[in-house]
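A.B. asks: Give me a model of this one.
(2 chains)
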Protein chains: 2
Amino acid sequence: MKRYIEANKERFFEELFSLLRIPSVSAKSANKPDMLRCAQRLRELLTESGADGAEVCPTAGNPVVFGWKTVDPSLSTILIYGHYDVQPAEPLEKWNSDPFEPVIHDGAIWGRGANDDKGQLFMHLKAFEYLVATRKLRHNVKFIFEGEEEIGSPSLPQWISDNRDRLSADICLVSDTTMISDKVPSINCGMRGLAYFDVTVTGPDKDLHSGHYGGAVANPINVLCEMISSLTDDCGRITVPGFYDRVVELSDEDRAQLARAPFDLDEYKDFLGIREVRGERGYSTIERTGIRPCLDVCGIWGGYMGEGAKTVLPSTAHAKISMRLVPDQKSGEISELFERHFLSMAPDCVRVDVRRSEGGNGFLIPITSEAYLAASRAMADVYGVEPVPSRGGGSIAVLAEVQKILGIDPLLMGFGLERDTIHSPNESYLLSQFFAGMESIALFYGYYK
Amino acid sequence: MKRYIEANKERFFEELFSLLRIPSVSAKSANKPDMLRCAQRLRELLTESGADGAEVCPTAGNPVVFGWKTVDPSLSTILIYGHYDVQPAEPLEKWNSDPFEPVIHDGAIWGRGANDDKGQLFMHLKAFEYLVATRKLRHNVKFIFEGEEEIGSPSLPQWISDNRDRLSADICLVSDTTMISDKVPSINCGMRGLAYFDVTVTGPDKDLHSGHYGGAVANPINVLCEMISSLTDDCGRITVPGFYDRVVELSDEDRAQLARAPFDLDEYKDFLGIREVRGERGYSTIERTGIRPCLDVCGIWGGYMGEGAKTVLPSTAHAKISMRLVPDQKSGEISELFERHFLSMAPDCVRVDVRRSEGGNGFLIPITSEAYLAASRAMADVYGVEPVPSRGGGSIAVLAEVQKILGIDPLLMGFGLERDTIHSPNESYLLSQFFAGMESIALFYGYYK
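C.D. replies: Sure thing, here's the model as predicted:
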């Protein structure tokens, strides 16, 4: 594949850039037309890469792009999953170049989606193209590219249910995660689930003068801060009753296995520019993101946010609260527990509204499976060292659904690195990882039954 | 004065509207040119109303407009204070009409500054004009209109010090407050002081993916919420060490006197649209705003505030924290206590910055003074009932400075009502109060020595 990449590199960039230039931000309704444009462009790329057919399939939300190539029905089938939607690019002023005008410099591609997930799904398209072009393809291949991953995949489970028969496969291959480092390749064998809420605290029905009313009327910002603060205790544990009931406690052996992954706390802190880490007492940093749940406020706002000093006691305060979940926590159940608890905490002096925004369950995959071993061999060939199993802290909500509806395991061959700062300004994707990913994927096809 | 108002009403509106149309928002640097325009317009109005002279005086910040009329140096001198700057109009979408295009309907003037303080200072201009025009003026009069009241009057104390001799007077008359209701006129005999801060909590040096890092890296929003929450205890008391050391506890007698002011808690709650009030344990609602200090977050922001669900662990979180102070708390001393305490609370996992934004001391004025009694008689004539003394919860930072530098007491004849929602969208000023205010002020001149 190396030579094929060398010969076609410029075209690869051109094709990927045509995807990156489309601001397919699923969180924003203003970008609705871009979702369809991006889906249509993916359909073209699927056909050009060698698929027998490709369709833009409508759903209740953004369309799913479905593509397929049947080599021989008796061979096993690989289902590729990816997503063409991206996170909002804000704060725009922190980008060094236009997030939707990709550029290459310093050995990387820069732009929103360069890694997550346009860059990573594109590796699958080109590994597939290579196998078709060189007549090396010995599997049937199916592709699902969805447009709602960044908002929790609200429409995909239904679409998968409705198309269950067309989607039958032996394994679901996904590149939408990171590895530990390019020196220490790793394969993600578990991800966390998610429950995400928009909450609003309303005090008086209008903004008030903070001098005339301050001290006598509850300030919704102060109340919201109190409520958020009380959601975690001094040990960094979440106080929602029942929250930990289904959290699987790992055995000492499993924890020792996880601790084998190389990790340098000082490097980690340096990379983030922090003096100290913080998390649940009794767990290491790797465990805190890999096997333990957490609660983060992803956004908060209320009152006067402009320049200078406005003395206002505002009517409302808002926050976006997310919880990352681990096996066997169920997103729906946790959402109910959270909602009930948060509402029950509300003092009489305010009104509290909780709206579920998105969610999905976490999952674990067996590291003894044939697919895992094939991926491990492929990556060992490319990187020169055997990859280590790891646990990802993020969530791909829909993969637990795929596992449930189609009865197949996902396999997470992710080639992102921490330095790519996905979801943040200046997202990038190293060219070396981009190419190593294509090679690893092409080799995977060879090693997988 | 009633007949004079009737004959000149339309011109009064036109003149006032020419002030209201200038967006003199002192909190925003973009409005800098409007500050000068507004000051120049006020100088014109002073001269047209009958002043001997009027000047736009530069300061380190926005200009002060100074006007004067000398009738006879042996007569006593009234110093009128007002401010021509206004609060920001945001949130703009909540206004029923353009905040800077005033309109009259439902018996009121609507627009930013209609009451606070352009509408109220304008009553003084026209009461003065009437006295001059009808040759009834038996006092020397001086006017100070400043352009920085809403940001804590940073430049005025210095200007007053520098011009101490020109400003000598017997009483400082101010209309920048509210009365209990138009059925229950009141005179404000004390105001709270203010200390206002911009605080920033910084965690990682960039926004992070909340899945990859959540649980292991301190989220600055969560930390800010914890810090804010810990600033008050379960009894509604502020936890900053030393905060209450200088708070004057009122005698039971004084508290009984305050309790005489008519107050209907149910009406109060209805007006605000709240089910319950909240404040420091052991004090009534009137006491909580009148004689007790408080802490309010006037603004908070951080992370993703847009539509949908962005899973981000942000780099920074911000808040605007204000404290209202009572005698004998000193704004400077409280600021130091707060700053020290807030910084000391910061956990190692974040960096905390505190910036003082504005501040000023509170004050009390004697209700046995000649000026108070003259105001009381004037208002009793106009309203048909004797006004009650009250304590305002707001702050006019500079009045304590006036008291200190010029050695004269302020007298607060305020004609605003709660319904005017100053500092909020749809600020208004009742025409009946606007005219009753002019009449009361004109009568005050008659009753004051």
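A.B. asks: What about A:Ser322? Give its phi and psi, please.
C.D. replies: phi -120, psi 140 (degrees, to the nearest 10).
A.B. asks: what's it in contact with, if anything?
C.D. replies: A:Leu194, A:Ala195, A:Tyr196, A:Phe197, A:Leu295, A:Asp296, A:Val297, A:Cys298, B:Ser210, B:Gly214, B:Ala309, B:Thr311 (CB atoms under 8 Å, 6 or more residues apart in numbering or on different chains). Every C-beta, even on glycine, is put in place using the N, C-alpha and C of the backbone.
A.B. asks: rerun at 6 Å
C.D. replies: Contacts for A:Ser322 (CB atoms under 6 Å, 6 or more residues apart in numbering or on different chains) come out as A:Tyr196, A:Asp296, A:Cys298, B:Ser210, B:Thr311.
A.B. asks: Apart from its neighbours in sequence, what residue is nearest the residue of chain A positioned farthest from its centre?
C.D. replies: What lies farthest from the middle of chain A is A:His212; by CA atoms, centre = their mean that is 46.6 Å. Leaving aside its chain neighbours, A:His212 sits nearest to B:Gly393 (5.0 Å; criterion: CB to CB, 6 or more residues apart in numbering or on different chains).
A.B. asks: Then A:Ala51?
C.D. replies: Excluding the flanking residues, the one nearest A:Ala51 by CB to CB, 6+ apart is A:Gly67, at 4.2 Å.
A.B. asks: On the three-state scheme, that neighbour is what?
C.D. replies: strand (DSSP: H, G, I helix; E, B strand; the rest coil).
A.B. asks: To what extent is A:Pro102 buried, counted in neighbours?
C.D. replies: A:Pro102 has 25 neighbouring residues, counting by other CB atoms under 10 Å in any protein chain shown.
A.B. asks: Compute the number of surrounding residues for the nearest residue to it once chain neighbours are set aside.
C.D. replies: Take A:Pro102 and drop its neighbours on the chain: the residue closest to it by CB to CB, 6+ apart is A:Gly111, 3.5 Å away. A:Gly111 has 28 neighbours, counted by other CB under 10 Å.
A.B. asks: How about the contacts made by A:Gly111?
C.D. replies: Residues in contact with A:Gly111 (CB under 6 Å, 6+ apart) are A:Leu20, A:Pro99, A:Pro102.
A.B. asks: Switch those residues over to JSON lines; also include secondary structure, distance to B:Ser335 and pLDDT.
C.D. replies: As requested, the contacts of A:Gly111 are exported to JSON lines (DSSP: H, G, I helix; E, B strand; the rest coil; distance: CB to CB, whole Å; pLDDT from 0 to 100):
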{"residue": "A:Leu20", "secondary structure": "helix", "distance to B:Ser335": "49", "pLDDT": "98"}
{"residue": "A:Pro99", "secondary structure": "coil", "distance to B:Ser335": "41", "pLDDT": "98"}
{"residue": "A:Pro102", "secondary structure": "coil", "distance to B:Ser335": "49", "pLDDT": "98"}
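A.B. asks: And the residues you listed, which is closest to A:Asp162?
C.D. replies: A:Leu20 (30.4 Å; CB to CB).
A.B. asks: need the contact list for the closest one.
C.D. replies: A:Leu20 sits in contact with A:Pro102, A:Gly111, A:Gly113, A:Lys118, where contact means CB under 6 Å, 6+ apart.
A.B. asks: so, if you compare the residues you listed, which one comes nearest to chain B?
C.D. replies: A:Gly113 (13.8 Å; CB to the nearest CB).
A.B. asks: Quick check: the gap between that closest one and B:Lys206.
C.D. replies: From A:Gly113 across to B:Lys206, the span is 18 Å (CB to CB, to the nearest Å).
A.B. asks: Compare neighbour counts for those two and give me the winner.
C.D. replies: A:Gly113 (34 against 16).
A.B. asks: Surely that one is in contact with A:Val86?
C.D. replies: Yes - contact criterion CB atoms under 6 Å: A:Gly113 and A:Val86 qualify, at 4.1 Å.
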